[in-house]
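**Student:** Kindly generate the corresponding structure for this input.
(chains A, B, C and D)
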There are 4 protein chains.
Amino acid sequence: MIASPVLPGSAARQLIALRRDFHRFPEPAWREYRTTCCIIAELRRLGVPVVYGPAIHCREAMYGLPEDDSADLARAAAEDCDPALLAELAGGYTGCVATIEGARPGRTLAVRVDLDCNTLAECADGDHLPAREGFASCHAGFMHGCGHDGHAALGVMLARRLLQRRDDLCGKVKVIFQPAEEGLGGAASMVAAGVLDDVDVLLGSHIGMGLAPVGAVAAGTHGFLASTKMDVFFHGRGAHAGVCPQEGRNALAAAAAAVTNLLAISRTGQGASRINVGSLVSVAGRNVIPPEAKMSLEVRGATDEINAYMEDAALRICRAAADMYGCTVDRRIMGRGAAAESDPALAARVAEILGRVRGVTEIVPSHDFRASEDFTAMMRRVQSRGGQATELIFGADIASPHHSERFDFDEAVLPLALDVLTALAMELGK
Amino acid sequence: MIASPVLPGSAARQLIALRRDFHRFPEPAWREYRTTCCIIAELRRLGVPVVYGPAIHCREAMYGLPEDDSADLARAAAEDCDPALLAELAGGYTGCVATIEGARPGRTLAVRVDLDCNTLAECADGDHLPAREGFASCHAGFMHGCGHDGHAALGVMLARRLLQRRDDLCGKVKVIFQPAEEGLGGAASMVAAGVLDDVDVLLGSHIGMGLAPVGAVAAGTHGFLASTKMDVFFHGRGAHAGVCPQEGRNALAAAAAAVTNLLAISRTGQGASRINVGSLVSVAGRNVIPPEAKMSLEVRGATDEINAYMEDAALRICRAAADMYGCTVDRRIMGRGAAAESDPALAARVAEILGRVRGVTEIVPSHDFRASEDFTAMMRRVQSRGGQATELIFGADIASPHHSERFDFDEAVLPLALDVLTALAMELGK
Amino acid sequence: MIASPVLPGSAARQLIALRRDFHRFPEPAWREYRTTCCIIAELRRLGVPVVYGPAIHCREAMYGLPEDDSADLARAAAEDCDPALLAELAGGYTGCVATIEGARPGRTLAVRVDLDCNTLAECADGDHLPAREGFASCHAGFMHGCGHDGHAALGVMLARRLLQRRDDLCGKVKVIFQPAEEGLGGAASMVAAGVLDDVDVLLGSHIGMGLAPVGAVAAGTHGFLASTKMDVFFHGRGAHAGVCPQEGRNALAAAAAAVTNLLAISRTGQGASRINVGSLVSVAGRNVIPPEAKMSLEVRGATDEINAYMEDAALRICRAAADMYGCTVDRRIMGRGAAAESDPALAARVAEILGRVRGVTEIVPSHDFRASEDFTAMMRRVQSRGGQATELIFGADIASPHHSERFDFDEAVLPLALDVLTALAMELGK
Amino acid sequence: MIASPVLPGSAARQLIALRRDFHRFPEPAWREYRTTCCIIAELRRLGVPVVYGPAIHCREAMYGLPEDDSADLARAAAEDCDPALLAELAGGYTGCVATIEGARPGRTLAVRVDLDCNTLAECADGDHLPAREGFASCHAGFMHGCGHDGHAALGVMLARRLLQRRDDLCGKVKVIFQPAEEGLGGAASMVAAGVLDDVDVLLGSHIGMGLAPVGAVAAGTHGFLASTKMDVFFHGRGAHAGVCPQEGRNALAAAAAAVTNLLAISRTGQGASRINVGSLVSVAGRNVIPPEAKMSLEVRGATDEINAYMEDAALRICRAAADMYGCTVDRRIMGRGAAAESDPALAARVAEILGRVRGVTEIVPSHDFRASEDFTAMMRRVQSRGGQATELIFGADIASPHHSERFDFDEAVLPLALDVLTALAMELGK
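**Tutor:** Got it, this is the predicted structure:
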């Protein structure tokens, strides 16, 4: 069993210790085995009911699931995770949902935090605080470069706080520990499994995102770009390029034609759109017509409609490019994020409550997100059922941009964020 | 009625006069109205049976037929052609077949000549002989730049000669005046109409083609490239490029993608292949997504199989390029030429006869053609039915390359070619 | 001499008669010879000083000038224009500037109107009012499809009105009759010639543009897209595609590569951008490597910076595409429009004055233009020198969208617009 | 030190033992450390003078040299190679040249053999003879799949034989053990170092290549395709594809444009040409504009001129594609093979000698090679200096095609080939 990283002492000390533990053992999307075991163990220790495994996921909607995670499971086992629990999580069923029932009647509130890290090698220089303080990643090639370590710690400590105050708590609070936010793979699975279906009020939050310093808090967010992530596989046929090139079906030629024409998808006049092919790999001998090519790409749009327009066009172009060279094509959806807006009424109510939390020095009504987040899938579900949702931003100075090897945030944000989330949870259930 | 250009005097004088008349009034593929009228009139005057019109053509195989030839008919009428005859030819039914029945039994021999000119403005400089001698083209933008004027004159004079010598002629000689050789459109139509189906021995011939001077004659030919000519039309949808580009279907983008990928068709290891897009026209306002594009292209191959491989690939790519941009595509076959080889046995027999014709100073067993000719369709038909075929080359100095605005050939080739064809016709029917 | 189309009677009758005369004789960019002659003649008749010809243009900045306008000049002469005046305008020096000096001191105000028509065949159906009323275009293939006929008429009548009221007029009013707005060619030339350099307050206006009905007037405009129009010429070398394709330099292949990659220019994250290739023409024989290709294109951007980014990328891609195929490339700028915003202070002042004009039923503070206009070049010049500028929109019901063959506007807008412009001119010079 | 694998017993037994030893320890291009050590050790043991290291190479012409071969050196050391010798070879200076001075005067003859293996995992099935007999590759991922193991063994045993017969040997024989034939990297380096500059007669040979069974020997070869192998690196700049794509320089887009247009290089009418892009690798996050791309490609041509035409065009296109997307490009030549023909006179002389060698059952005057070989670089050097060169083919049944995982040849070819090479060496120096 993992020793509890939640030390005795102030909430601030505990939050920081827990965040640093998560930081040291970063795990990427759908492979947050140690992280999940650690959270479940802590919640059980506290006596908080927690649900996990297939009960909170829908396999068909687990976008971007890795094919083989045996090495990840083995590593988690080697890192002292409970083997029985690991067996229940195996297959990518990471994350969990904790529920704190208030003693008083009220609405159902959900607070979502995310858990996964980036595929990024962490800086080892002495001027990078995690390295200097000894909590830099010990998983080579992986790093918490977006603050999800802090988010996960906040989730655990929030459950603990609310349990302590459950006599005054109205309604019920679900703390949703969502896996696989990077790549936009995890939210859809939880939504499809019904995790959000009893939720009246949904809160998400993110540290940093261009807001600073600690004390500045945004009550809502707008400008999420809808996005679809996909992998495309071109299948052709090899042949000797000198002797009988005509017998080949050139998958690399098909993929190259696709790249150029994907980038040429007609802009729409209705709002921002994006397309990017992040990688293309096709490897054969220099004298062999390449039989296979793999491409990873993403599209984005200011609205779901624009994103769907881009996604449809991308698929049409990949298919046609394959046809051009007598190849076939497979597509795998690796992630999806909707466009969404925070509910103005809820954001206004949040702003009002923020005004009463000590340490909040600036209240931003709505922050321009300008990127994609799969939390939007949860927002859309709750909103579509008559509930309300908002995403808060907790301002914090950061050492280097999100997703960079020197990313780090001012940990003073953690106790403030815990106070804010606690205040909101105590108030919004009424 | 057209006055007979066949002057009294020597065959040489008559040949040259006739060739110059044809040269002055050049007509392009499927529009050889005056030329055909002139030939039919002359044959009728001589009393040679002649067949023409739908009887010698198959509409489905008249590749590259122009949509509207009313102006051509009107011009021919203005040039004194018989209106009744023109009416019979209208719709592109140009060319004719003359038959000279020998008095003695024998095989059926066919001699094919072609009639059409090039789409080319003839040089008007004084050092260009047709200009200096006053027989340069009077049809602006058209010119006999390949020697078909001479071929047509030879066909008329050959019929006349054989008629004079019919008592000694064994079997039957068909002189096939084929329209639409440029673009490879006319031979297939005559083949499909059955014109070649009774032919035992088929002779074709060409002046020049890299062989010189007059006196050098090739008994056979190899190296014809099979070829398919096609026009491709991309249909999309216009839209305002500033306000709502996403509503367009960009036919020009589809055509451009097609061009690049057509040129990229994988070479075969089995022999020479070619592809060319000779024209692309897509015209819309600068601020309009172009709704239409038209492309003309050709493929070639050292064998019919290679040509078919290229044609299939070209069609596949055009369709896929249209799909890429949500467009549709039409294709129209404009011409076809097969690969073919002269029969070695026939060529050897021809070479033997050539040895007995005065004026033949060099006998080439087989000339490397290195281009395409639709005479091959006739060769293939005769060969497939058990007959034999060969294409002769009559050497001649030329002033400038074939298809150039200063092309002209040494007219001394004409009487020699007439002697050769006469000798072959008298001998091969035996 | 052209008979004056300005009839006796009410200003409304006169405006409509003048507009219909311009409508009947539409002339495209840089070829507004009759239109200009007509305006100058009328102004001279009134006694308004008018300047024209090279004095108001800068040859280097006359974007998109046609190479040969002799036919246009001949037509204008045949339509009774003064030959001496035509000779002064020849070479595209169309348009003019009228100046009305007020009797009282004040600022210099400029009102700009545009003159040119679209390249568009006007609808001849009886339900199209210009056809039914007999003032449809008599210049085949050209049509006033954007309302510039009305603008030009307003300019003439405004000069007349102000002359009548010059005793009360403060300062000086320049009425700028600008040619070549379509294609964004004309404003830059007048700016470069210094026409705007003494202007303190600049007013432009447009009929329609999505605002309706008559009575609704916008005091300002935002959302102009900066744009650059260019023609690109690829020069290669022809060759026989069957015999020696390697000797060619394929200009069509270069242009096709350019088209695809132009459309693939990376979107910017900073705002809207556009690119369109409206036409591509490359014509050679089917069996000839195409030696020349011509392309017309435009780029746009929400800001001048974005437009410059797109223009630079487009040029870079055309050059590289030419390099790819061993070709060279020329570019000709055909038009330029800047991004610009109406001055809020001026728009507010205009809105205030609008409130006092009878017939104005709705005042829109700022209309979203969402397209390109070369009036922005004039706005930017005046603003850069410390002056103020705004573009008004005169609401009007229209029969069919701008630039369509059935475009027509409610002529009731004309007298209202004249009242508005007069009121502004009388007031803003103070 | 490596124990000598040359067992006592017949030459046939020794040849086979040596070949199997080389087969078991295959080494790829420029990393033939153990193979070279083994050869040098054996030659020293015999007392044959041998030269190696920088003396026989020209660093600038060592195409395709790996960047880091420390692991290969370490492995060779672990396989008991002499550390001092390894130190002399380090840096890719593999291969060697042995010289046997005849006792009698005569010409200088060179016999070239090649040493390197393929990057190929050898079949481990029991029906694959090397696996069954226990000499399959023990270097995972590498295999002698082309017979160079046999070639190397022949070189060693030929030196031994000629030493034994040096009293009768006229002139001097250089046995050239050339590294890096696969990829066409090694010959050019030895040529540039002058290894061939004193050679009057040059012999190469290959086992198999479509000739069978053992006993059939070709005295010469034609149909080598000239070829150039190159790696191309596109360098751009990364950027976040959602937030600021315009700041990127898309190396993948450049590479994709290059692929399509490389395949579209105009065919030549002068003979066969080929181009293939065997691999393209560009890897960035899905949401990152890819900053780097690497491509491996080859061109071929029936003549050096055609190959140079293709190489020039490929380079031009890669550069232009990089320019299109604001990237830069590096190219590294990885191999070069010239077109070449065996000297007919020498081949005739060889054929004559073959007629006197026991076991030679069929003499082929010239074999059609239809692929590329860098031995041609040596042939061209010798021929250009007035010498003569030919490549022999030793017929042999093979188990599976060259470069396949089940390739194996009938070892009975080895003693016959040794007899042939010995006979030629003894005779041709005269």
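**Student:** what's around A:Thr260, how many residues?
**Tutor:** The burial count assigned to A:Thr260 is 27, neighbours taken as other Cβ atoms under 10 Å in any protein chain shown. To be clear about C-beta, it is placed using only N, CA and C from the backbone, and glycine gets the same treatment.
**Student:** tell me which element it falls in.
**Tutor:** Using DSSP states H and E, the element containing A:Thr260 is helix A:251-263.
**Student:** Compute the mean per-residue pLDDT across that helix, please.
**Tutor:** Along helix A:251-263, the predicted local confidence has a mean pLDDT of 97.
**Student:** Report the buried residues of that helix.
**Tutor:** When neighbours are counted by 16 or more other Cβ atoms under 10 Å in any protein chain shown, the buried residues of helix A:251-263 are found to be A:251-263.
**Student:** Filtering these by proximity to chain C, which remain?
**Tutor:** A:260-261, A:263 (Cβ under 8 Å from any Cβ of the partner chain).
**Student:** coming back round to it: partners of the helix or strand following the helix holding A:Thr260 in the sheet?
**Tutor:** For helix A:251-263, the succeeding helix or strand toward the C-terminus, using DSSP H and E, is strand A:273-283. Taking DSSP bridges as the criterion, strand A:273-283 pairs within the sheet with strand A:292-301 (antiparallel), strand D:273-283 (antiparallel).
**Student:** Would you tell me which helix is longest in chain A?
**Tutor:** Ranked by number of residues, the top helix in chain A under DSSP state H is helix A:304-324.
**Student:** who does that helix touch, helix- and strand-wise?
**Tutor:** Applying 3 or more Cβ pairs under 8 Å, 6 or more residues apart in numbering or on different chains; DSSP states H and E, we find helix A:304-324 packed against strand A:226-235, helix A:251-263, strand A:273-283, strand A:292-301, strand A:328-337, helix B:304-324.
**Student:** Just say which of the ones you listed is most tucked in.
**Tutor:** Each of those was assessed for mean neighbour count using mean count of other Cβ atoms under 10 Å in any protein chain shown. The highest is helix A:251-263, with a mean of 30.
**Student:** which ones are touching A:Ala90?
**Tutor:** A:69, A:73 (Cβ atoms under 8 Å, 6 or more residues apart in numbering or on different chains).
**Student:** Tell me which residue of the stretch 301-430 of chain A lies closest to chain C.
**Tutor:** Using Cβ to the nearest Cβ, the point where the stretch 301-430 of chain A gets nearest to chain C is A:Arg370, with a distance of 7.9 Å.
**Student:** before we move on, what about the stretch 1-150 of chain A?
**Tutor:** Of all residues in the stretch 1-150 of chain A, A:Cys146 sits closest to chain C, at 19.2 Å by Cβ to the nearest Cβ.
**Student:** Now do that residue, the pLDDT please.
**Tutor:** Here, the pLDDT recorded for A:Cys146 equals 92.
**Student:** Quick one: the helices in chain A, in order.
**Tutor:** With DSSP H, the ranges of helices along chain A come out as A:11-24, A:33-46, A:70-78, A:83-89, A:129-132, A:148-164, A:186-192, A:251-263, A:304-324, A:344-354, A:375-384, A:413-428.
**Student:** okay, these in a markdown table with distance to C:Ala159 next?
**Tutor:** Formatted as a markdown table, the entries for the helices of chain A read as follows, by distance: least, Cβ to Cβ, whole Å:
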| stretch | distance to C:Ala159 |
| --- | --- |
| helix A:11-24 | 75 |
| helix A:33-46 | 78 |
| helix A:70-78 | 81 |
| helix A:83-89 | 83 |
| helix A:129-132 | 73 |
| helix A:148-164 | 69 |
| helix A:186-192 | 66 |
| helix A:251-263 | 52 |
| helix A:304-324 | 48 |
| helix A:344-354 | 52 |
| helix A:375-384 | 58 |
| helix A:413-428 | 66 |
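**Student:** just the ones you listed: most buried one?
**Tutor:** With neighbours defined as mean count of other Cβ under 10 Å, these peak in mean count at helix A:251-263, which reaches a mean of 30.
**Student:** Among the helices of chain A, which comes closest to B:Ile56?
**Tutor:** Among the helices of chain A, the nearest to B:Ile56 by Cβ to Cβ is helix A:304-324 (40.8 Å).
**Student:** Might you enumerate the residues of the stretch 201-350 of chain A proximal to chain D?
**Tutor:** Going by Cβ under 8 Å from any Cβ, the residues of the stretch 201-350 of chain A near chain D are A:225, A:227, A:229, A:241-243, A:245, A:250, A:252-253, A:255-257, A:259-260, A:263, A:274, A:276-290, A:293, A:296-298, A:300, A:334.
**Student:** near chain B at all, the helix holding A:Thr260?
**Tutor:** Yes: counting by Cβ under 8 Å from any Cβ, chain B has neighbours in helix A:251-263: A:253, A:257, A:261.
**Student:** Based on its surroundings, how many neighbours for the residue of the stretch 301-430 of chain A closest to chain C?
**Tutor:** When neighbours are defined as other Cβ under 10 Å, A:Arg370 has 18 of them.
**Student:** again with the one 4 residues further on
**Tutor:** Residues within reach of A:Asp374, counting by other Cβ under 10 Å, total 29.
**Student:** check contacts around it.
**Tutor:** A:181, A:184-188, A:335-337.
**Student:** ok, the most centrally placed residue in chain A - contacts?
**Tutor:** Central residue check for chain A by Cα atoms, centre = their mean: the C-alpha nearest the mean position is that of A:Glu181, 1.3 Å away. The neighbourhood of A:Glu181, defined by Cβ under 8 Å, 6+ apart, consists of A:29, A:114-116, A:148, A:187, A:373-375.
**Student:** C:Gly134: which of those residues is nearest?
**Tutor:** Closest to C:Gly134 out of these is A:Glu373 (62.7 Å), distances taken as Cβ to Cβ.
**Student:** close enough to count as contact, the closest one and A:Ala226?
**Tutor:** No: with contact taken as Cβ atoms under 8 Å, A:Glu373 and A:Ala226 are classed as non-touching, separated by 10.4 Å.
**Student:** Done for today, thanks.
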